[in-house]
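> any chance you could fold what I've pasted below:
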Amino acid sequence: MMRRDDPPAAAAEPTENAEDVRLMQLVGGGDMAAFEQLVERHQTLVAGTVGRMLGSNSDVEDIAQQVFIRVWKSAARYQPRAKFTTWLLKITRNLVFNELRRLKRHAVTTLQPEPGAEEIQLKDERGLAPDESFLEGELQHAIEAAIGELPETQRMALVLRRYEELSYEEIAEVLEQSVPAVKSLLFRARTELRERLAIYLRG
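This next block holds a predicted model:
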């Protein structure tokens, strides 16, 4: 229970952003220690977003490092017109979308299962009564695979909403779209996921 002298939870956010802006101003002056603090504060956000967008088989660490290299190179020109994390996620979005397009051009097929592999696996396991933790892992894998098949903008909107818990307004800023457009993206993404995961939802 919140005590009377406890500050409102919402008050923490401006303080967090103010600290980010302060650190960025130091980074703009070449302060490496401030840069390391920024990386420590936000590497989970960046790496998590990159990983969920590109999948576990991608070089998540390399793309995340590229994001922070961009932060370092842009620090001297940085202007806090929006929340720092919004600006950071825009950089992440650009690099992730570039990587997705590169992968598409190279027609990477290694992430796709062999024809019939899934059916064989399910058939073999029907009589084994897998435990609950296995089923949860299988469902999570199916969810991640289904998210990975969404169009890139839908996927980014869903990742930011589902995993990073951003507001519609924040997602709109990151994607440079209107709030109604973001709601439409999320509606289409969730509809697509329900269709792809129907076999699990019925179970």
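
> quick check: closest non-adjacent residue to the residue positioned nearest the centre of the chain.
Taking C-alpha atoms, centre = their mean, the centroid of the chain lies closest to Thr49, which sits 2.4 Å from it. The shortest distance from Thr49 to any residue other than its chain neighbours is 5.5 Å, reached at Thr92 (C-beta to C-beta, 6 or more residues apart in numbering). Bear in mind the C-beta positions are built from the backbone N, C-alpha and C, glycine included.

> show me what contacts the one you found?
With contact set as C-beta atoms under 8 Å, 6 or more residues apart in numbering, Thr92 has these partners: Val46, Thr49, Val50, Val67.

> mind doing that once more with 10 Å?
Thr92 makes contact with 42, 45-50, 53, 63-64, 66-68, 70, 85, 156, 160, 174 under the criterion C-beta atoms under 10 Å, 6 or more residues apart in numbering.

> neighbours around Lys83, how many?
Around Lys83 there are 18 other residues, counting by other C-beta atoms under 10 Å.

> let me know the pLDDT of it.
At Lys83, the pLDDT value in this model is 94.

> name the nearest residue to it, ignoring sequence neighbours.
The nearest residue in space to Lys83 (C-beta to C-beta, 6+ apart) is Asn17, at 5.2 Å.

> how much space between that neighbour and Glu170?
12 Å (C-beta to C-beta, to the nearest Å).

> between these two, which is the more surrounded one?
Per other C-beta under 10 Å, whichever of Asn17 and Glu170 has more neighbours is Glu170, with 20 against 16.
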